[in-house]
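>>> What would the 3D arrangement of this be:
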Amino acid sequence: MSPVLTDVAPDDRRMTAHVRPLIRALRPALTEEDFDRFASEAHAQGLVFTAAYDGRGRCAAVATHRVLATSRGRILFVDDLVTHPDHRATGMATALMTHLAERARAAGCHRVELDSGTANVTAHRFYHARGMTIAALHFTLSAPGD
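Residues are numbered from 1 along each chain as shown. Model prediction:
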């Protein structure tokens, strides 16, 4: 059965019940309060939270994404993509990636882009299997006083 994909807004009860736990599993340093602040602020900046539900109504995966105008062209950037452990290798993340590619085309984007931690080899295999390539390295610098 195909997943049901739906966008979830910060004020939707599914944000705290379904989306927040999955994003926090991916980003364990994020407290519930930090997540709530992040979700509200990022949503106002254009971040979309898309949840994939299985045939029994369980949230199986979540992607956060936004359309960005960059000097490299218009892109759909995926901030987070996480699948519940019970739903890995069931096609949920693939369905989300297909959906994101379709959204990118509809929004006039040239590409779907995302960052992935260097140690997350399982995710890298997943992305490569779906035709994604490594196009850049992502560098960070802490702000003074941080």
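
>>> Give the residue spans of this structure that score low on pLDDT.
The model of the chain has pLDDT under 70 over residues 1, 146.

>>> what about the longest helix in it?
In terms of residue count, the longest helix belonging to the chain (DSSP state H) is helix 92-106.

>>> Give the buried residues for that one.
Residues 92-97, 99-101, 103-104 are the ones in helix 92-106 that count as buried (16 or more other CB atoms under 10 Å). C-beta coordinates here come from the backbone N, C-alpha and C atoms, glycine included.

>>> Name the residues of stretch 21-31 that are buried.
For stretch 21-31, a neighbour-count test (16+ other CB under 10 Å) marks 22-24, 30 as buried.

>>> measure it end to end?
End-to-end span of stretch 21-31 (CA to CA, to the nearest Å): 10 Å.

>>> chain center to that stretch, what's the gap?
Centroid displacement of stretch 21-31 relative to its chain, using CA atoms, centre = their mean, to the nearest Å, is 12 Å.

>>> The strand or helix carrying Thr64 to helix 92-106, inter-axis angle?
Applying DSSP states H and E as the criterion places Thr64 in strand 59-70. On the basis of axes from the mean of the first three to the mean of the last three CA atoms, to 10 degrees, strand 59-70 is oriented at 30 degrees to helix 92-106.

>>> Pull out the buried positions in strand 59-70.
By neighbour count on 16+ other CB under 10 Å, the buried set for strand 59-70 is 59-67.

>>> and after it, which helix or strand comes next?
Taking DSSP H and E, what comes next after strand 59-70 is strand 73-83.
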